[in-house]
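Chemist: Take this sequence and fold it.
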Amino acid sequence: MADNDFVAVFQEEARELLEELEGSLLELENSPEDIKLVGRVFRSMHTIKGSAAMFGLDRIADFTHHVETALDRVRDGAVPVCRELINLILQSRDFITALLDAASGGDEPDPLRGEAIIHELAAVSSGRTTPAAAPATETARLQESVSAPAAAPAPDPAANRHYLIDFQPQAAFFEGGGDPRQLLEDLQAMGQSTVLIRGAADPAGLPGPAWKILLSTVHDHNAVRDVFIFAESSSTLTITPLATDKDHRQLAAELAPGADLPPSPAQPSRPAPQAAASPAPAVETPTPAVRKNSPEPQVLKGVESIRVAADKLDTLINLVGELVVTQARLTDVASALHQASLLEPVEQIEHLTAELRDLVLNIRMLPIGSTFTRFKRLVRDLSAELGKEVEMKTVGEETELDKTVIEQLNDPLIHLIRNSIDHGIESPEERLATGKPRSGTLFLSAVHNGANVVITVLDDGKGLDADSIRRKALQKGIISDDAVLSEQEIFSLIFAAGVSTARRISSVSGRGVGMDVVKNAIEKLRGSVQVNSEKNRGTTVTITLPLTMAIIDGLLVRAGDTHFVLPLAEVEECVELTAAEIARYHGRRVFAVRGHLIPYVRLRDFFVMPGSRPDREQMVIVSLREEQLGLVLDEVVGGHQTVIKSLGWTYRNAEGLSGSTILGNGEVALIIDTQALARAARIEESADVRRQ
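Modeler: From the prediction side, this is the model:
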């Protein structure tokens, strides 16, 4: 792998760490006493710093070092977690992202901004230090000890501290590319160290190499521990502070070449750990900081996952798609030849192809939770900017979607969230005056529904003003004065270009640009978006998206000379539609199934197809969330594994179609957009009712 490839891998991993860091910081803001969260944030920053230095990205390493210094003060208990500190670390996270972009050829961030963040971090992280005791440098600040009892005098930051370190790496350490020499060199750079290696033939009987190190340094326990931060999960590590210089000299003599090795901390004869204040000698009653993680030998973390470029996955999915089409052609050929000897192998190939298809599609499926987590920062910053109090709640973070869908869903969701906070949720004073809780709620949810995922953005704000939307639509010439619209149809007008009900234009929204873009973006993903609202109760935006953009199980049908494919997961049943049934409802496009009237759309009429329809038509009933729709056609052919292809530039805006596919005989079949047909059915039903 070339150096550039390694750097690209680092940048991808660093961005993932920064996303995790942001989520941890927002959790820490709500739980400032959570030491585990502090440690998680520190480790993320430490990992980025070390990896950046390894790949020569010195600006990132230097800047991250300053942030790490402030976090270490928090970890030691010298500085409390406060909103100002969280704000600065979030700004640091953004600046590191900008530095990563610059390293990839993007715009250079303003260096003065980075210096300002460092200066403010230094001021906040020294907030509890009195001027007389303030260390002269950041390195000195890291040397402060907070473990001494309150009654004891403060330790001298410049005084040497002594540690006995036992380090035994596991097999996973070496398989992951770990190098003990680098760790020993890092310890040597911290001060004076005496090192003894113990091999597998050592009388102690420990498997593999192990090291015992005596370290004398001005650095504190946390700084020593951080040398092993990448090795903790794949090694046995004990760091024992030594209480006196006498203990240090005694162990130094014992660790001299040819000396007998003291008992290993891994042996049963090791005394139990005692309190740090015990008067007994430190060698016999140490206060060890033991970091053990001994994984099962057969389960090695280094082989649990592998990072693969997205374009390779795309190529694999395209090849599987071609394989599905070829398999369908093979099935047609075998059926035409009527050779019994071909049936079994063809069926086996069909079965294996289906398994391969499902496996490959699952590789691209990602939980939507990572997208939801990013929005917590947006809600936090935007509500503070607008002087509002908003709590974000999420449900269904584990719901999986195709990677492409998740990536393209980000911008539409951001716009919906900004609209909810800016226009929907009221200020604390307005909410209290109307009897609502002071803090508003923004609710995001995701749930599977057949072959689709339904995403909901809901707020408990003031809701949409139907009269205002209608007036704005009249001004823009979108509707006529005599248009008769239901409330739901009026709400749908906000997706028209230029329609906005905001009384003011802000830096956030209000110019009538965006909701039409949201609708277009969702429809490009073969999805649909609906809005419902209740005055003073809130607004709900519902987005329905397909699980995958590549391959689906379909139902092949025919109308006239054209074949169509319906998503099989939406199909409920098939019934016959006779001329007598049509006449029963006096021309209304509805059909009774077990006492329920279901609206229907005739494909011949919708797509303006020539020729006369048969005496007995077939109706496929599909389920779309809380409603049903009938699709009237000539013939139901059967199931079909459908590889989704685009319609091309000419037909990409064709209403009622979401794609195309190639059948086994080479014919092109069109994939039905059932959501678009459902909208058409509602409009036709409203028109029928008004005419009557």
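
Chemist: C-alpha only now, for contacts and for neighbours.
Modeler: OK.

Chemist: What's the local residue count around Gly114?
Modeler: Neighbours of Gly114 under the rule other C-alpha atoms under 10 Å: 17.

Chemist: who touches it in this structure?
Modeler: 63, 92, 95 (C-alpha atoms under 8 Å, 6 or more residues apart in numbering).

Chemist: Could you list which of those residues belong to helices?
Modeler: Among the contacts of Gly114, the residues falling in helices (DSSP state H) are 63, 92, 95.

Chemist: Now do the contacts for Gln168.
Modeler: Gln168 neighbours (C-alpha under 8 Å, 6+ apart): 208-211, 235-237.

Chemist: Just the buried positions in stretch 520-537, please.
Modeler: For stretch 520-537, burial by neighbour count (16 or more other C-alpha atoms under 10 Å) applies to 520-523, 525-529, 531-533, 536-537.

Chemist: Please name the bridge partners of the closest residue to Thr456 other than its chain neighbours.
Modeler: Excluding the flanking residues, the one nearest Thr456 by C-alpha to C-alpha, 6 or more residues apart in numbering is Thr542, at 4.6 Å. Thr542 has these beta-bridge partners by DSSP bridges: Thr456, Gln530.

Chemist: a helix runs through Ala14, doesn't it?
Modeler: Yes: assigned with DSSP: H, G, I helix; E, B strand; the rest coil, Ala14 falls within a helix.

Chemist: Report how many residues lie close to it.
Modeler: 22.

Chemist: can you pull the pLDDT of the closest residue in space to it that isn't next to it in sequence?
Modeler: Spatially, and ignoring its direct neighbours in sequence, Ala14 is nearest to Ile48 (6.0 Å; C-alpha to C-alpha, 6+ apart). Reported pLDDT at Ile48 in the predicted model: 89.

Chemist: Please shift the residue numbers so they start at 44 in all later answers.
Modeler: Will do, 44 is the new start, and the previous item becomes Ile91.

Chemist: what helix or strand does Ile91 sit in?
Modeler: Using DSSP states H and E, Ile91 sits in helix 78-97.

Chemist: for Val496, same thing?
Modeler: Under the criterion of DSSP H and E, Val496 resides in strand 495-502.

Chemist: which is the next helix or strand following that strand?
Modeler: Sequence-wise, the next helix or strand downstream of strand 495-502 (DSSP H and E) is helix 509-518.

Chemist: May I see the buried residues of that next one?
Modeler: Of the residues in helix 509-518, 509, 512-513, 515-516 count as buried by neighbour count, 16+ other C-alpha under 10 Å.

Chemist: Would you mind measuring from the residue nearest to Ala57 to Ser571?
Modeler: The spacing between Ile91 and Ser571, counted by C-alpha to C-alpha, to the nearest Å, is 40 Å.

Chemist: Can you report how many residues lie near the closest residue to Leu429 other than its chain neighbours?
Modeler: Distance criterion C-alpha to C-alpha, 6+ apart; nearest residue to Leu429, sequence neighbours excluded, is Asp465 at 7.3 Å. For Asp465, the count of nearby residues is 22 (other C-alpha under 10 Å).

Chemist: pLDDT at Asp465, what is it?
Modeler: pLDDT, Asp465: 92.

Chemist: Assign a three-state SS to it, would you?
Modeler: helix.

Chemist: So it sits against Glu428, correct?
Modeler: No: under the criterion of C-alpha atoms under 8 Å, Asp465 makes no contact with Glu428, lying 10.0 Å away.

Chemist: Other residues contacting stretch 465-477?
Modeler: By C-alpha under 8 Å, 6+ apart, stretch 465-477 touches 429-433, 480-484, 502-507, 545, 551-552, 581-582.

Chemist: swap the cut-off to 6 Å and go again
Modeler: 431, 481, 504-505 (C-alpha atoms under 6 Å, 6 or more residues apart in numbering).

Chemist: try stretch 408-423
Modeler: 440-446.

Chemist: Selecting buried members of the residues you listed in ChimeraX, what would you type?
Modeler: Buried residues among the contacts of stretch 408-423 (16+ other C-alpha under 10 Å), as a ChimeraX selection:
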select :440,442,443,444,445,446
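
Chemist: closest to Leu142 among the contacts of stretch 408-423?
Modeler: Leu142 has its nearest neighbour among the contacts of stretch 408-423 in Lys446, at 25.6 Å by C-alpha to C-alpha.

Chemist: residues in contact with the closest one?
Modeler: Per C-alpha under 6 Å, 6+ apart, neighbours of Lys446: 407-409.

Chemist: would you turn these into a markdown table with secondary structure and pLDDT?
Modeler: Output for those, formatted as a markdown table (DSSP: H, G, I helix; E, B strand; the rest coil; pLDDT from 0 to 100):
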| residue | secondary structure | pLDDT |
| --- | --- | --- |
| Arg407 | coil | 82 |
| Met408 | strand | 86 |
| Leu409 | strand | 88 |
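
Chemist: Out of those, flag the one nearest to Leu207.
Modeler: Checking those against Leu207 with C-alpha to C-alpha, the nearest one is Leu409 at 45.2 Å.

Chemist: burial measure for the residue lying closest to Ser87 once chain neighbours are set aside, as a count.
Modeler: Nearest non-adjacent residue to Ser87, counting by C-alpha to C-alpha, 6+ apart: Leu60, 6.0 Å away. Leu60 sits with 19 neighbouring residues when counted by other C-alpha under 10 Å.

Chemist: returning to that earlier point: reformat the contacts of stretch 465-477 as TSV; add pLDDT and neighbour count.
Modeler: Shown next, in TSV, are these (pLDDT from 0 to 100; neighbours: other C-alpha atoms under 10 Å):
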residue	pLDDT	neighbour count
Lys431	94	20
Arg481	94	17
Gly504	94	25
Lys505	93	21
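
Chemist: In three-state terms, label the residue minimising distance to the centre of the chain for me.
Modeler: For the chain, Ser413 is the residue whose C-alpha lies nearest the centre (C-alpha atoms, centre = their mean; 1.6 Å). Three-state call for Ser413 (three-state DSSP): helix.

Chemist: from the contacts of Gly157, which would you call buried?
Modeler: Buried among those by 16+ other C-alpha under 10 Å: 106, 135, 138.

Chemist: Any chance of those in a markdown table with distance to Ala697 and pLDDT as columns?
Modeler: Conversion of the buried ones among the contacts of Gly157 to a markdown table gives the following (distance: C-alpha to C-alpha, whole Å; pLDDT from 0 to 100):
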| residue | distance to Ala697 | pLDDT |
| --- | --- | --- |
| Phe106 | 52 | 92 |
| Ser135 | 47 | 93 |
| Phe138 | 44 | 94 |
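
Chemist: Name the residues that touch stretch 79-95?
Modeler: By C-alpha under 6 Å, 6+ apart, stretch 79-95 touches 64, 104, 107, 114.

Chemist: Check the burial of the second one by counting its neighbours.
Modeler: Which is Ala104. Counted with other C-alpha under 10 Å, Ala104 comes out at 22.

Chemist: quick one, strands of the stretch 444-593 of the chain?
Modeler: Secondary structure of the stretch 444-593 of the chain (DSSP state E, counting those that start in this stretch): strands located at 483-492, 495-502, 571-577, 581-589.
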